[in-house]
Structure formats: C-alpha cells, structure tokens
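[1] dropping the sequence and predicted coords here.
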Amino acid sequence: MSQLEILGISYRFPDGTTALRDVTMRISEGEFVIISGKNGSGKTVLLRILNGLIKPTAGTVNINGISVVENPFEARRELGLVFQQSDSQIVGQTVTDDIAFGLENIGMNSDEVKIRVRQTLERTGLEDHASQRPRTLSGGEKRRLTIAGVAAMSPSIIALDEPFSNLDYPGVVQVLEQLVNLNEQGHTILLVTHDLDKVLAHATRLVLIDKGSVIADGNPLDALNYAGQCGVRSPKGITSDNIGELTWLKD
Amino acid sequence: MAERLIFHYHDRKTIAHSLDPRSKMFTLFVLTLSLLNLNTTGFLLMLPYLALALITARMPVRAYRKEIIFFVGFSVMIFLMRWWGSGNPITAITAAGRFFSVVVMGLILSDTTSPNEMSLAIYWILKPFSKEFASNTAAKLNLTVSFFPVIFDASKEIQEARRSRHEDARRQPLRRLVSIGRQLFDLLLDRAEEISYALESRCFTPSIMHGRLDWRFRDTVYLLISTIYIIFVLFVSITP
C-alpha cells in the first residue's frame, strides 16, 4: 500500500485559473521525491493541498489511509510542510520554543516535549543555538530550524517548498545534509525545487509539472528528458554513471 | 531587512525582562490610571519612577530617538492645544508629559515582555471567568501583538524601496499616502495569509497555551514597592 496517494487532484482558484489538473501520484515509504516545474506550475498549491491547507476542487489525498480533506488535523501529523519563507513559519521566541510549538499543539505533555525537543536539537545540530532568538540565526540556520520544527512532530512524510531559495553555499549544504539524514532515518521526503543540480543525486524519483499537469514521473534520469519542456534547467551530459554527481554535498 | 525597533520585544538580560508579565501589566494599568489623575507635583514625582524603569530595562533610548518622533510631535500638539485652551503653560506641560509617559510605559512593556508572555498573563487574568474565552482572547492577543512588528517592518521596507527609486516625499503627499497604504495592505494580506497557513500546518490550537508563568519573590517585592510609591504619589497629588 502506498504511503501517500494523490488521486485525480484538481484545483481552480476563485478567479477561475486552473492550478492543478487531474494529478495522480502514489508515493511509497522512504522515497525521496523531487517535484520540479517552472514558477506558477502548481507545485506550491499541490503541497498546500497535501497538508490540508486548501481543499482540492476535485480528487482525494490519503496519507497512511487518512483522508486529508476529511481529517486535515490528523493528516498534518503524518505530513509536515516546510514553507518557502522561514520567517513566516518561525513563531517561537527561542529555537527551543519554536521546536516545542508544534509538539504542544498536538497535546504532548511538557516532559515529552522536553525530551523530543532535546532529541531534535541533537539530530539537527542546533544544540548550540537552543536558547538563541530565531531572528538572529543565519538564513541556513533558520531554514534548518523550520525543518527541525516540523521533524520534531515525527511526520512520516516531510514536504519542503523550495528549501534552497535565498541560501548561500554553506546554507544549502547544511539543509541538504539535514534532508539526507531525515531520509536515512526513514522519513519520506517530498521536495519542491528548481535546483536539480544541488540535490538530484539523492532522489529516488523525479516529478515534473507544467501548467498544473504531471508531465513526467519516474526514475530521475528518464524524467530529466522532459525537463526543458517543463521550463526546468536540465544539467548537461547526465548519464546513469554521473547522475551521482548532482549534489552539493560532494563539493 | 529593514527592522523597526519601536514596540518590538527585545530579548535582553535585565531585571525588567525577568519580571513576571502579570506584575508588569498590573503596574502599567495602575500607573496609567494614576497618571490621568495626577497634578503637576504628582507628575513630577512619578518621573523618577519612569526613569528608573527605563534604566532597569536598559532601553536603547538613543536607538528609539528617531522612531519616537511621532509621539513627541503628538505631545507637542497636546501641549499647544492645552496652553491655548487653559492659558497655563504648566498645566499644558503636565498634560503633554502625561501622554508621553503613557507611551513610554507601553514602550517599556512591549520591549521587555514577549507576545507569548503577554498572552499567558491575559489567559491567567481571564481564566476564572471562562477558560475558552480566556484562551481565545489570549491567542488573538498573541497573534495581534506578534503581527505589529510585521506591520512596522513592512511599512519601513516599502518606504525604503520607494526612497531608493528617488521618490520625492514632498510631491503629491496625499496620492503618495494612498499608494503606500494600498501597497502596505497588499503586502500585509500576503504575509498574514502565509503566517496563518504556517500556523495551521503546525496544528495551531488556540486553546493550548505555550510556556508557563513563573511568579517569584522579586515580583512580589516589585509589586509592593510600585504600589506603595504610586499610592504615595496619588496621596501627595490629591492633598491640597
């Protein structure tokens, strides 16, 4: 059984513009899926539907058997969403407070919260910043904090919207390391990005979206053939031998 | 990023920051009520208290200088109106000073108390009446106060972006104001939507309070000293 089932999802904005058309995908546990496409292709809308923030015009989404449309609160415990703008997502006065925020919201008692926060700080390498104000963190650290805040809630799937945007080289490396670690720990990763050369080596699957429709979905190497058609820059000369070079972790 | 200082919480290690928000809010409430009823002598007696509060909070007074100019202007207006109305410059100074003191106290409270602490204090105050009403009000207050810096920052960002494109602030001021207002409104709507989505995605529940209040001996001492001093000033003020 698939961990995430997206069945015939369509979405139309109130002004009539179509954002998604009949999107169907089945994602299994432990996959590292990259979703790519040009601006306005519907990637962000798709993530928000998966998190139950907006309701699709048609279709259904099930996460571990839970219907997102019917039970968004429960579904959010299974799929955590990291937003593109870190500042919008960070609400705590300190790094510790921010990680604890989601845990307190799902009704965890204070002792459990403390343990989970400590574990998350250790796992994400943010222990040294535990009592720091999030506003004083660097861009990369802020992004790591937003991922940590979501990961602390132990969702089986972590979806990220352009996590490398506005980050310098060390920032991208830090975030990428964190994502690879989370995937190794068993979390399914759903990553929306244009920057295939930074991360494609880690992907088990590449989904290309254009004008709200899935154009390609499958093995990254095969799907890359459609990248140009979807307005995504395809790294040149990539074969099965050198696709492993498409990561910034090896630099 | 353009960042306003005024009416933002700033985390520092000071006595004022370490006090329980309930003691600070109670003192602010009593002080504001008292200030409205003080005569000139009482007002003068209250000034050292305010100065001490500013010092203990280690307020960055110089950094605030530019941003507080609006309130200074407002105080000057009150002074002129009062002077014109009463013909007594002392009464006019007292009226303007009272207004400015209330602003300064609000500044100290917002600078030293995080929005979360404020919402916890509001929850504590309202809880005996209705738990649901208390948590909803506290959550709304927390969100509103947290949003103030976003408004200030966004307005500064817009102004700086316009200035960088050589906008002449003196040309067509009304049209400029409307244009800034519209731009600010659009920007804030976007940010509010983004923040609300982010809160929802992290299972935000208004009935759940984050953190806890910690009343300590120093709060009792602070409250006692403040109350005794305010009563003394009020007594002096009403004694003919």
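    Structure received.
[2] what would the helix or strand bottoming out on mean pLDDT in chain B look like as CSV? C-alpha coordinates only.
    Sorting the helices and strands of chain B by mean pLDDT, DSSP states H and E puts helix B:61-64 at the bottom, at a mean of 79. Once side chains and other backbone atoms are set aside, the C-alpha atoms of helix B:61-64 remain, and they are given as CSV (Å, rounded to 0.1, in the frame of the first residue of the first chain):
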residue,chain,number,x,y,z
VAL,B,61,16.8,55.2,24.2
ARG,B,62,19.2,56.6,21.5
ALA,B,63,18.1,54.0,19.0
TYR,B,64,14.5,54.8,19.6
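[3] quick one: the helices in chain B?
    B:15-18, B:21-37, B:40-56, B:61-64, B:69-86, B:89-112, B:115-126, B:131-164, B:173-201, B:217-238 (DSSP state H).
[4] cool, and the stretch 101-250 of chain A?
    Ranges of helices in the stretch 101-250 of chain A, per DSSP state H, counting those that start in this stretch, are A:110-124, A:139-151, A:169-184, A:196-199, A:220-223.
[5] for the fourth one, packing partners?
    Packing partners of helix A:196-199 (3 or more CB pairs under 8 Å, 6 or more residues apart in numbering or on different chains; DSSP states H and E): strand A:32-36, helix A:169-184. Where C-beta positions appear, they are placed from N, C-alpha and C, glycine not excepted.
[6] which residues are in contact with the helix or strand just after the first one?
    Okay, so that is strand A:32-36. Sequence-wise, the next helix or strand beyond strand A:32-36 is helix A:43-50, with elements assigned using DSSP states H and E. When contacts are defined by CB atoms under 8 Å, 6 or more residues apart in numbering or on different chains, helix A:43-50 is touched by residues A:4, A:6, A:9, A:11, A:19-20, A:23, A:35-37, A:54-56, A:61, A:63, A:68, A:79, A:81, A:84, A:159, A:161, A:190, A:192, A:209, B:197.
[7] rewinding a little: the helices of chain B: which one's closest to A:Glu127?
    Proximity to A:Glu127, assessed across those by CB to CB, is greatest for helix B:115-126 (22.4 Å).
[8] tell me which residues of that closest one come out buried.
    By neighbour count with 16 or more other CB atoms under 10 Å in any protein chain shown, helix B:115-126 contains the buried residues B:115-124, B:126.
[9] for that helix, name the packing helices and strands.
    For helix B:115-126, the elements it packs on are helix B:21-37, helix B:131-164, judged by 3+ CB pairs under 8 Å, 6+ apart.
[10] mind listing residues that contact it?
    Under the criterion CB under 8 Å, 6+ apart, residues A:93, A:97, B:9, B:20-22, B:25, B:133-135, B:137-139, B:141-142, B:145-146, B:209-213 lie in contact with helix B:115-126.
[11] domain assignment for chain B?
    Using automatic domain parsing, the domain ranges for chain B come out as B:1-113+B:214-240, B:115-209.
[12] quick one: the longest one near chain A?
    Yes: where contact is defined by CB under 8 Å from any CB of the partner chain, part of domain B:1-113+B:214-240 touches chain A, namely B:9, B:11.
[13] so which of the helices and strands packed on helix A:196-199 is the most packed in?
    Mean neighbour count (mean count of other CB atoms under 10 Å in any protein chain shown) peaks for strand A:32-36 among the helices and strands packed on helix A:196-199, with a mean of 24.
[14] which other helices and strands contact it?
    Strand A:32-36 packs on helix A:43-50, strand A:188-192, helix A:196-199, strand A:205-210, going by 3+ CB pairs under 8 Å, 6+ apart.
[15] export those as JSON lines, with columns for mean pLDDT.
    Output for these, formatted as JSON lines (pLDDT from 0 to 100):
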{"stretch": "helix A:43-50", "mean pLDDT": "95"}
{"stretch": "strand A:188-192", "mean pLDDT": "97"}
{"stretch": "helix A:196-199", "mean pLDDT": "91"}
{"stretch": "strand A:205-210", "mean pLDDT": "96"}
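[16] these into CSV, with extra columns for mean neighbour count?
    Output for these, formatted as CSV (neighbours: other CB atoms under 10 Å in any protein chain shown):
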stretch, mean neighbour count
helix A:43-50, 24
strand A:188-192, 24
helix A:196-199, 21
strand A:205-210, 23
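[17] what are the buried residues along the least confident helix or strand of chain B?
    Of the residues in helix B:61-64, those with enough neighbours to count as buried (16+ other CB under 10 Å) are B:Tyr64.
[18] kindly report the same for stretch A:154-169.
    Counting neighbours by 16+ other CB under 10 Å, one finds that the buried residues in stretch A:154-169 are A:154-164, A:167.
[19] does any bit of it sit next to chain B?
    No: judged by CB under 8 Å from any CB, stretch A:154-169 and chain B are separated, with a smallest distance of 9.5 Å.
[20] would you mind putting the helices and strands packed on helix A:196-199 into JSON lines with mean pLDDT and distance to A:Ser131 alongside?
    Output for the helices and strands packed on helix A:196-199, formatted as JSON lines (pLDDT from 0 to 100; distance: least, CB to CB, whole Å):
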{"stretch": "strand A:32-36", "mean pLDDT": "97", "distance to A:Ser131": "33"}
{"stretch": "helix A:169-184", "mean pLDDT": "92", "distance to A:Ser131": "20"}
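[21] ok, of the buried residues of stretch A:154-169, which one's closest to chain B?
    A:Ala159 (9.5 Å; CB to the nearest CB).
[22] pretty sure B:Leu234 sits against B:Asn39.
    No: with contacts counted by CB atoms under 8 Å, B:Leu234 stays clear of B:Asn39, the gap being 10.2 Å.
[23] so these two - more neighbours on which side?
    The neighbour count for B:Leu234 versus B:Asn39, taken as other CB atoms under 10 Å in any protein chain shown, is higher for B:Leu234 (18 against 15).
[24] the more buried one and chain A, how far apart?
    Relative to chain A, B:Leu234 is positioned 36 Å away (criterion: CB to the nearest CB, to the nearest Å).
[25] what of B:Thr32?
    The separation that B:Thr32 has from chain A, given CB to the nearest CB, amounts to 26 Å.
[26] spit out the contact partners of that residue.
    Contacts for B:Thr32 (CB under 8 Å, 6+ apart) come out as B:102, B:105.
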